[in-house]
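Asker: With the sequence up front, the predicted model follows.
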Amino acid sequence: MNPIIRSILAVMAGWVTFVVLIVIIEGINSRIYQVDDSWQQETDPVLRHEAVVKMMEELPDGAFAIVLLGYFIGTFAGAALAAWIAGRFHVLHAGIIGVLSLLGTALNMAMLPHPVWMVVIGQLQPVPVSLLAGWLVTPHKKEHA
């Protein structure tokens, strides 16, 4: 397979993995921390956003911690998969997932209120986690003494 096509497919697969894992973990989170979901019936976008903001302000820290865990797991798994599928430049492909994760996290946190501790951790973890995943997937030559 053409290496460029393989790289593109690797990043796409890593991104899909990232998103799917976050959706799954946030679904579990919503079962643990059940909140009023009446905001879903709101049709006016401005009122809907205000209702979501109000709902998020009422969430306990544990709910935000699970979201961070989802970001961590999604980033790590997506980056590892991208690095593995790419088969070359493992850390680079994993890092791309980390940057995409960082951008997605930043966008989410800009649109909705989050605790400061979550914003800090959420912005600091994606790139290092992805680079670690890429490094772990990279075949390392064992030196024989």
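Answerer: Received it, and whenever you're ready, just let me know what you need.
Asker: Flag the shaky bits of the chain, pLDDT-wise.
Answerer: Segments of the chain classed as low confidence (criterion: pLDDT under 70) are 144-145.
Asker: and the longest helix along it, which residues are buried?
Answerer: Counting residues, the longest helix found in the chain (DSSP state H) is helix 3-32. Applying a neighbour-count criterion of 16 or more other C-beta atoms under 10 Å, the buried positions in helix 3-32 are 7, 10-11, 13-15, 17-18, 21-22, 25-26, 29. Where you see a C-beta, it was placed from the backbone N, CA and C, and this is true even at glycine.
Asker: now it, how far from the chain's geometric center?
Answerer: Between the centre of helix 3-32 and the centre of its host chain there is 8 Å, according to C-alpha atoms, centre = their mean, to the nearest Å.
Asker: Please work out how many residues are found near the nearest residue to Ile32 once chain neighbours are set aside.
Answerer: Residue nearest to Ile32 in three dimensions, not counting chain neighbours: Ile66, with 7.0 Å by C-beta to C-beta, 6 or more residues apart in numbering. When neighbours are defined as other C-beta atoms under 10 Å, Ile66 has 17 of them.
Asker: Ile66 sits in which helix or strand?
Answerer: If you go by DSSP states H and E, Ile66 is part of helix 61-86.
Asker: Let me know the closest of the buried residues of helix 3-32 to Arg88.
Answerer: Among the buried residues of helix 3-32, Ser7 lies closest to Arg88 (C-beta to C-beta), at 8.0 Å.
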